[in-house]
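# Provide a 3D model corresponding to the input given below.
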Amino acid sequence: ADDGVMPQTIEALNHARAAGVPVVVAINKMDRPNARPERVRQQLTEHGLVAEEWGGETIFVPVSATARTGIEQLLEMILLVAEVGDLKADPTRKARGTVIESQLDKGRGPVATVLIHSGTLKVGDAFVTGTTSGRVRDMTDAWGRRVKRAGPSMPVEVGGMAEVPQAGDNFLVIEAGRLAKDIAENRQMEKRQKELATTRRLTLDDLFTRVKEGDVAELNLVIKADVQGSVEAVRQALEKLGQGEVRPRMIHSGVGAITESDIMLAAASEAIVIGFNVRPDANARRVAEDEKVDVRTYRIIYEAIQDIEAALQGLLKPKWKEVIAGRAEVRAIFRIPKVGVIAGCYVTEGKIDRTSTIRLIRSGVVVNEGKLSSLRRFKDDVREVTSGFECGIGIEKFQDIKEGDVLEAFAMEEVKTA
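Next comes the predicted model:
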């Protein structure tokens, strides 16, 4: 009530109109001394929402979330609009809903927040959503409590899917698990065929020269991240960049580690692979080297957008390059008094150096980056451990190490420009 109509208010209104759904306006912060609800009504009138008391059809309800006033009236008005519009849902049918967020949870695997539109979702139900399928293993409500059933209008976080779905995907319960899997596989095949429509190759490093020569009209990108929200943030940022002669084009996006199939798609469509808090797995790294696919990984979205923007403007001149020195698998965990957690590791590639920066990767997602606190062979402190040997590794100010984690030693090297 004190801020007036904000840009996000207009954006929400446009989404509601596009979906063809009725709007109930809640004017919040009515407890503030400078609250001006009449100004809000006037501003929204300019956008086609005319209050009932002014002769229009839109219901306005003054509320205060802090003081908890007007909440009952708001709920009554929502129920009234639903009744007038005959907005009903059958709780006895198989559940249908929409994925509103998804991520790769470190403990539960792929999970998605689903808003149930109709029917009742139960633990054990087989389902298909987008290009993935599964069976409901567990559900938690908006307060983090475990539930066994979820009815219409209820948002729940669902675990038990094979892969992370996309935000906006339809969620549908299927009678048989085998049928759900077949539907998902068919959708996945159709999606891949569409994504493979382009058949050229490019790297971000040489893009600026081709931009100046006018050889490139689009920059194809494969985006992978640890959560779906990051993918959507990149998509919106790229839309803002796509105003010049060269436009970025996201040909594929997903949540989780960068996989071999991502690299093959990039190779076939001259795309650059961008990762946020995720890393390529062993097969993906090998294929990327063979196919000369440019894979860029970042911890901050802004840095990736900055690089892409510079490349689109023909200004990208990389000065630093990440060099992987070695990798080790965590095979055992030791908790030592006054020392902390020590990871019993086996070096699988290269070497682990005492001075290296270490990155901990779990299921393809970067969990931590830091310095080594200790590097030992048996009881001896050592400067380095090479491939094929076991060692004990401690990480400074970090204790959350688990069996199966991958430790990656790396350094940043300056790239000499010609």
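# contacts, neighbours, all on C-alpha from now
Will do.
# which strands and helices sit next to the strand or helix carrying Val367?
Val367 belongs to strand 365-377 when assigned by DSSP states H and E. Helices and strands touching strand 365-377, by 3 or more Cα pairs under 8 Å, 6 or more residues apart in numbering; DSSP states H and E, are strand 357-362, strand 390-395.
# which stretch among the ones you listed comes nearest Arg327?
Across the helices and strands packed on strand 365-377, the minimum distance to Arg327, taken as Cα to Cα, is reached by strand 357-362, at 9.3 Å.
# for stretch 119-139, what is the distance to the chain centroid?
Mean C-alpha position of stretch 119-139 versus that of the full chain (Cα atoms, centre = their mean, to the nearest Å) differs by 20 Å.
# mean confidence for it?
Averaging pLDDT along stretch 119-139 yields 92.
# return the set of buried residues in that stretch.
By neighbour count on 16 or more other Cα atoms under 10 Å, the buried set for stretch 119-139 is 119-123, 125-139.
# just the terminal-to-terminal distance for that stretch.
When the termini of stretch 119-139 are compared using Cα to Cα, to the nearest Å, they are 16 Å apart.
# 60 is where my numbering starts, stick with that
OK, 60 is where the count begins now, so the last one is stretch 178-198.
# quickly find the element holding Ala94.
Judged by DSSP H and E, Ala94 forms part of no helix or strand.
# what's the next secondary structure element after the helix or strand of the chain with the lowest mean pLDDT?
Within the chain, judged by mean pLDDT, DSSP states H and E, the helix or strand with the poorest mean is helix 266-272; its value is a mean of 53. Using DSSP H and E, the helix or strand that follows helix 266-272 in sequence is strand 277-284.
# contacts for the very next helix or strand once past that next one next, please.
Going down the chain from strand 277-284, the next helix or strand is helix 287-300, by DSSP H and E. The contact list for helix 287-300, computed with Cα atoms under 8 Å, 6 or more residues apart in numbering, reads 160-162, 225-226, 282-284, 306-309, 312-314, 335, 360, 364, 368.
# got a ChimeraX select line for the buried ones in those?
Buried subset of those, written as a ChimeraX selection, criterion 16+ other Cα under 10 Å:
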select :160,161,162,225,226,282,283,284,306,307,308,309,312,313,314,335,360,368
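# mind checking pLDDT for the residue of the chain positioned farthest from its centre?
The C-alpha centroid of the chain is most remote from Gly114, which lies 44.2 Å away (Cα atoms, centre = their mean). Per-residue confidence for Gly114 comes out at a pLDDT of 86.
# kindly report the same for Val206.
Per-residue pLDDT puts Val206 at 94.
# could you pull out the strands for the stretch 110-259 of the chain?
Assigned by DSSP state E, counting those that start in this stretch, the stretch 110-259 of the chain shows strands spanning 118-121, 155-164, 168-177, 180-181, 185-188, 191-199, 205-206, 208-209, 214-220, 229-233.
# can you redo those as JSON lines with distance to Val398?
Below are those laid out as JSON lines (distance: least, Cα to Cα, whole Å):
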{"stretch": "strand 118-121", "distance to Val398": "57"}
{"stretch": "strand 155-164", "distance to Val398": "29"}
{"stretch": "strand 168-177", "distance to Val398": "31"}
{"stretch": "strand 180-181", "distance to Val398": "46"}
{"stretch": "strand 185-188", "distance to Val398": "46"}
{"stretch": "strand 191-199", "distance to Val398": "37"}
{"stretch": "strand 205-206", "distance to Val398": "37"}
{"stretch": "strand 208-209", "distance to Val398": "45"}
{"stretch": "strand 214-220", "distance to Val398": "36"}
{"stretch": "strand 229-233", "distance to Val398": "48"}
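# beta-bridge partners for Lys186, please?
One thing to correct before we go on: residue 186 is Phe, not Lys. For Phe186, the beta-bridge partners are Gly193, Val232 (DSSP bridges).
# surely it touches Gly236?
Yes: under the criterion of Cα atoms under 8 Å, Phe186 makes contact with Gly236 at 7.1 Å.
# where do the contact lists of these two overlap?
193-194.
# check contacts around Arg196.
Arg196 touches 182-183, 217-219, counting by Cα under 8 Å, 6+ apart.
# how close does it sit to Glu291?
In terms of Cα to Cα, Arg196 sits 26 Å off from Glu291.
# show me where pLDDT drops low in this structure?
Applying pLDDT under 70 to the chain picks out residues 60-61, 252-276, 301-305, 372-379, 473-477.
# so which bits of the lengthiest helix in it are buried?
As assigned by DSSP state H, the longest helix anywhere in the chain is helix 236-254. Within helix 236-254, the residues scored as buried using 16+ other Cα under 10 Å are 236, 239-240, 242-244, 246, 254.
# again, but for stretch 71-85
For stretch 71-85, a neighbour-count test (16+ other Cα under 10 Å) marks 72, 82-85 as buried.
# burial of the closest residue to Gln132 other than its chain neighbours, as a residue count?
Nearest in space to Gln132, with sequence neighbours left out and distances taken as Cα to Cα, 6 or more residues apart in numbering, is Val120 at 7.3 Å. Other residues within reach of Val120 by the criterion other Cα atoms under 10 Å amount to 18.
# relative to Thr104, how far out is Val120?
Look at Val120 and Thr104: by Cα to Cα, they are 15 Å apart.
# still on that earlier bit, inside helices: which ones of the buried residues of stretch 71-85?
Among the buried residues of stretch 71-85, the ones falling in helices (DSSP H) are Leu72.
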